[in-house]
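Peer 1: The sequence and its predicted three-dimensional model are supplied below.
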Amino acid sequence: MVRFVQRHDLIREPQVIPWFKQVQSDDDSGCSVWSIHEWKENSEKAKTELEWIGDLRDLENSYSSIPNYIRGLRNEDESLEECARRLAN
């Protein structure tokens, strides 16, 4: 596939979409911390356990429990990205 793209001078622009991260809270509450990051934004390594990480496409399509849970929290007429951003605040 890579060689085909190179031979035919095909260029695919990157998709500028946010990515998300969920880590365990560091206050021993048993809660998790959900955060949103813009495309190419770096994030410091969490001091607690990483529970899930992925971009908007992963959030839309993953069968993991965390993306399923986030998708279930959407309000009526709210996009998944809007929901994810709301939950990060």
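Peer 2: That came in fine, so what should we check first?
Peer 1: All the strands of the chain, residue numbers only.
Peer 2: With DSSP state E as the definition, the chain shows strands at residue ranges 19-24, 32-37, 50-55.
Peer 1: of these, which approaches residue 85 most closely?
Peer 2: strand 32-37 (5.7 Å; CB to CB). C-beta: built from backbone N, CA, C; applies to glycine.
Peer 1: Show me what that closest one is packed against.
Peer 2: Contacts defined by 3 or more CB pairs under 8 Å, 6 or more residues apart in numbering; DSSP states H and E place strand 32-37 against strand 19-24, helix 80-88.
Peer 1: Next, the angle from that strand to helix 80-88.
Peer 2: Using axes from the mean of the first three to the mean of the last three CA atoms, to 10 degrees, the interaxial angle of strand 32-37 with respect to helix 80-88 works out to 130 degrees.
Peer 1: which of the residues in strand 32-37 are buried?
Peer 2: Using 16 or more other CB atoms under 10 Å as the test for burial, strand 32-37 gives 34, 36.
Peer 1: any idea of the angle it forms with strand 50-55?
Peer 2: An angle of 20 degrees separates the directions of strand 32-37 and strand 50-55 when computed by the same axes, to 10 degrees.
Peer 1: which outside residues touch strand 32-37?
Peer 2: Applying CB atoms under 8 Å, 6 or more residues apart in numbering, the contact partners of strand 32-37 are 18-25, 43, 48, 51, 70, 84-85, 87-88.
Peer 1: Pull the distance from that strand to the chain's centre.
Peer 2: The chain centroid and the centroid of strand 32-37 are separated by 9 Å, computed with CA atoms, centre = their mean, to the nearest Å.
Peer 1: hang on, the earlier thing: for the contacts of strand 32-37, which ChimeraX command selects only the ones that are buried?
Peer 2: Selection of the buried residues among the contacts of strand 32-37 in ChimeraX, burial being defined by 16+ other CB under 10 Å:
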select :18,19,20,21,22,23,24,51,70,84,87
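Peer 1: which residue is nearest the centroid of the chain?
Peer 2: residue 20 (2.8 Å; CA atoms, centre = their mean).
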